[in-house]
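1. okay, here's the prediction I keep looking at, along with the sequence it came from:
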Amino acid sequence: MRLHLLALLAKEPAHGYELKQALEQTFGSAYPSPNIGQIYVTLGRLEKDGLVRAVDVEQSNRPNKKVYYCTAKGRDVLTLWADEPTEGPRVRDEFFMKLVLAPLTGIADRMALINRQRRHYLSLMGDLNDLMARTPPEDRVALLLIEGAMLHLQADLDWLERCQEDLA
């Protein structure tokens, strides 16, 4: 969430609740609603690291609010983040470690593990289908996130099929 908040602040200064709303509006229902407490903790860390600065803004009939601004150092960090490739496929997969090691210890059967994982992925796929059906067509960002997650799940399901064939 650190870099997501920093990117929003590079666009325009904001206080924590505005950042929460911006994340929700930008990513729609496909993105889990961020916890406001976590947003303020993250903003505190960004400020401590010199990536944002906070300014107290007076409000009539209400307590002052802190508005956060992205610093030059923050923009440099964002530029590096945007320029770096994002993590690719995971070679060190937790499920695959279970699939290989659990049967060696006698605590689990490979086919039972594969079937349980397949049921889990299919359940997640059903949840994503439901989310897609509830997402308005004009919410393109959310639909793209959901579609990407579904494609990853389909690839994981195909890979499970391959594991079952090769390890049976």
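-> Done, it's in. Residues are numbered from 1 along each chain as shown.

2. pull the residues that contact the strand or helix carrying Leu78.
-> Per DSSP states H and E, Leu78 falls inside helix 72-83. Contacts to helix 72-83, defined as CB atoms under 8 Å, 6 or more residues apart in numbering, come from residues 3, 6-7, 9-10, 46, 50-52, 70. Placement of C-beta: from N, CA and C, glycine included.

3. could I get the residues you listed as TSV with pLDDT and distance to Gln117?
-> Formatted as TSV, the contacts of helix 72-83 follow (pLDDT from 0 to 100; distance: CB to CB, whole Å):
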residue	pLDDT	distance to Gln117
Leu3	92	31
Leu6	93	35
Ala7	93	34
Leu9	95	39
Ala10	95	40
Leu46	97	37
Gly50	97	44
Leu51	97	39
Val52	97	41
Cys70	96	41
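
4. buried subset of those residues?
-> With neighbours counted by 16 or more other CB atoms under 10 Å, the contacts of helix 72-83 contain buried members at 3, 6-7, 9-10, 46, 51-52, 70.

5. which residues does Leu43 contact?
-> Leu43 neighbours (CB under 8 Å, 6+ apart): 5, 16, 19, 52, 54, 66, 68.
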